[in-house]
Structures are given as structure tokens and as C-alpha cells.
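no FASTA, just this:
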């Protein structure tokens, strides 16, 4: 692919970012990370309280990239088949079957949003894992394919009753976990409360231009992008040191107050996880008009691509968000960048 084509796609990506930032204000970092995941073709976990704009954010992105958007709500009684089909009694009094949210849009499905995924049972997680890994599903004696689908899932981090922990194998399938926090800028907070244009979500999302990207061309472009952005041997060694430090932080002098570092980490980042770090870093370099990955590109995506993969001793799991942030920041500070 020529430099001109890379530049054209980058202009479209930055336009999409700009339009989404007009809809969901004060979330520039999450918007950049979601843009990165779209072009790296990676699934995403979203972390945030109720009402911070996660659904609006995804609807805006879905409108901009094209294709179909589907969602499902995680509940304690949700079963795997609820993702695939619905049964109902028709007007003729006979049972009928219709396609569920996964099958409804067929190969045109571009974004699938699983809200409050940790309220769903492990059986549902297992089905979703297969769909995420293979982008296919066997149903009604037929193989269904979702070649363009990205899965976004939200975890309810506040309520613990009737919830199920997402196993580490499932978390590892997600490229990123992105926090969506309430903006801290008082002017933005005032606008969100008093400016009526933010109260009509449908009208707000409708202002995003349709099909700024071609969803069915993203896979091909993403592969070309990865081959167009280089990583020097020095940068590769640096990333390998970061990887080792997620497994044995004490060897690199990383310390956290009140934490026994020798007992903290049960499992560091996986090979798949570090591969995703590089995929995301290449996209970040491209978005910043560079042809090679720099340490700052790795730093921009390191926390969001690694933190949710770490497995801590049970005594520290309740504080995992805080501890993971401190540990990964300590790793970045402890290992000299080339």
C-alpha cells in the first residue's frame, strides 16, 4: 500500500475521532484507544460506572465505521442460546424461531456490545470466547461467520451480587481494557448536565457522519498497516524487557508500598498479550504519522493492553486496578527506554 493510501486512511481515522469527540465530550484518551483497537482489530473491555457514556460511545463509533451494531444485556438467567436465537409463539399459535443478536445481521455485524458481561454465567462466556477467537458460530446445522465483528464488553465493577468473575483465559482474548471515567473538567461537567443537546442521545449520535470508514475493508487495511510500520531490534529488546518485568517485577526493582512483590504476581502478560501490545503500538505510531514504533507508542497502549491480563495472588485481587496501575507505571519507570 502506498504512503498516499496510508495517509488517506489516517485522515479518515482522525476525522472519525474528531466526530466521536463531539458526541462524547471529555473522553479523548478512551476515544483514541478505541480507534486504536478498531484498526488493530482487537476486542475491548470497557470499565466505568453507569451513565458515563459507554453505549453512546460505541453507537457513535458504529455509525462512523458502518456495518451493523448489536447488543445484549448480561443477566443471571441469560443462556448461551439467547445470543443465537429467540423462540416465541406466532399469531398462528405455533412456536417460531428468530435469529438472536449474534446472527441477526450476519456477516455485516461490525460491533457487538455485551453489557455487564460479568452478570452472565460462565457458559455464556465460553460461547462468546469461541466467537471472539474464531469469529464464527455453528447453529442450525450451518456455520455462521462474522469476519468484521469486534466485541466490546462492559463489566459492572460496583455490584458484586449475582456476578461471575471473568476467567483469565477470557480476559486474555480482549486486546484492551479501557477505563471510561467521569470527566474532571468543570466546564464539561456543566455542559453534560445543563446543555440539552447531550440529553437526546439519538439526535447526538445521529450527527456522526455515516460510513466514514468502510467496515468491510478494515481487516485488509489492518494487515497492511501492521506490515508497513517497523519495529527496530532495540525497540524489540525493550518490549521483551517490559514483558519479563510483568512476570518478575522484583528483578527490575519495581516496588509498591504495602505489597509483598515476591507474592504479588501469579501470572504476567501472555505471548498473545504482548503481541497485541505491538499491534496496538504500530497503530498508535501510524495515527501519529510515523513509520516506526517508538517507546512512546508502546507506553500509550501498555497499561490498557496488559493490566487486565495480570493474575495476582487472591489477597491482592480486590485491589487489582490500583495495584496493576502502580506496577505497570513502575515497570515503565524502571526500564530505560532506548
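Nice, I can see it. Just so you know, these numbers come straight off a predicted model, no measurement behind them.

dump the residue contacts of the residue nearest in space to the middle of the chain.
In the chain, the centroid-proximal residue (C-alpha atoms, centre = their mean) is residue 44; its distance is 1.6 Å. Shown in contact with residue 44 (C-beta atoms under 8 Å, 6 or more residues apart in numbering): 33, 34, 37, 150, 151, 152, 153, 174, 175, 176, 177, 178. Heads up, the C-betas are built off the backbone N, CA and C, glycines and all.

which one of the residues you listed sits closest to residue 257?
Set against residue 257, the nearest of the contacts of residue 44 by C-beta to C-beta is residue 177 (23.9 Å).

secondary structure element for the closest one?
According to DSSP states H and E, residue 177 maps onto strand 176-179.

what residues sit buried inside the helix or strand following that strand?
Once strand 176-179 ends, the next helix or strand along the chain (criterion: DSSP H and E) is helix 186-194. Within helix 186-194, the residues scored as buried using 16 or more other C-beta atoms under 10 Å are 188, 192.

how far off centre is helix 186-194?
Relative to the chain's own centre, helix 186-194 is displaced by 27 Å; criterion: C-alpha atoms, centre = their mean, to the nearest Å.

identify the residues contacting that helix?
Here helix 186-194 has contacts from 25, 26, 182, 183, 198, using C-beta under 8 Å, 6+ apart.

pLDDT (mean, whole number) over it?
Mean pLDDT, computed over helix 186-194, is 91.

sorry, back to before: with neighbour count and pLDDT added, can I get the contacts of residue 44 in JSON lines?
Output for the contacts of residue 44, formatted as JSON lines (neighbours: other C-beta atoms under 10 Å; pLDDT from 0 to 100):
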{"residue": "33", "neighbour count": "24", "pLDDT": "98"}
{"residue": "34", "neighbour count": "24", "pLDDT": "97"}
{"residue": "37", "neighbour count": "26", "pLDDT": "97"}
{"residue": "150", "neighbour count": "28", "pLDDT": "96"}
{"residue": "151", "neighbour count": "22", "pLDDT": "96"}
{"residue": "152", "neighbour count": "27", "pLDDT": "95"}
{"residue": "153", "neighbour count": "25", "pLDDT": "93"}
{"residue": "174", "neighbour count": "25", "pLDDT": "95"}
{"residue": "175", "neighbour count": "27", "pLDDT": "96"}
{"residue": "176", "neighbour count": "26", "pLDDT": "96"}
{"residue": "177", "neighbour count": "22", "pLDDT": "95"}
{"residue": "178", "neighbour count": "27", "pLDDT": "95"}
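
relative to the strand holding residue 177, what are the paired strands and their orientations?
Using DSSP bridges, strand 176-179 pairs in its sheet with strand 44-47 (parallel).

same for the helix or strand following the partner strand, what does it pack against?
Downstream of strand 44-47, the next assigned helix or strand under DSSP H and E is helix 54-65. With contacts defined as 3 or more C-beta pairs under 8 Å, 6 or more residues apart in numbering; DSSP states H and E, helix 54-65 has these neighbours: helix 3-23, helix 28-40, strand 68-73, strand 109-115, helix 201-205.

low pLDDT regions in the stretch 1-150 of the chain?
Within the stretch 1-150 of the chain, the ranges that satisfy pLDDT under 70 run 1.

all strands of the stretch 201-338 of the chain, in order?
265-267, 311-312 (DSSP state E, counting those that start in this stretch).

and those: which comes nearest residue 208?
Using C-beta to C-beta, the nearest of the strands of the stretch 201-338 of the chain to residue 208 is strand 311-312, at 38.1 Å.

ok, and what's touching the closest one?
Under C-beta under 8 Å, 6+ apart, the answer for strand 311-312 is 168, 264, 265, 266, 267, 320, 323, 324.

for it, which strands pair with it and how are they oriented?
In its sheet, and by DSSP bridges, strand 311-312 pairs with strand 265-267 (antiparallel).

which positions in the strand it pairs with come out as buried?
Neighbour-count burial for strand 265-267, with 16+ other C-beta under 10 Å as criterion, is recorded at residue 265.

rounded mean pLDDT for it, please.
Rounded mean pLDDT across strand 265-267 is 93.
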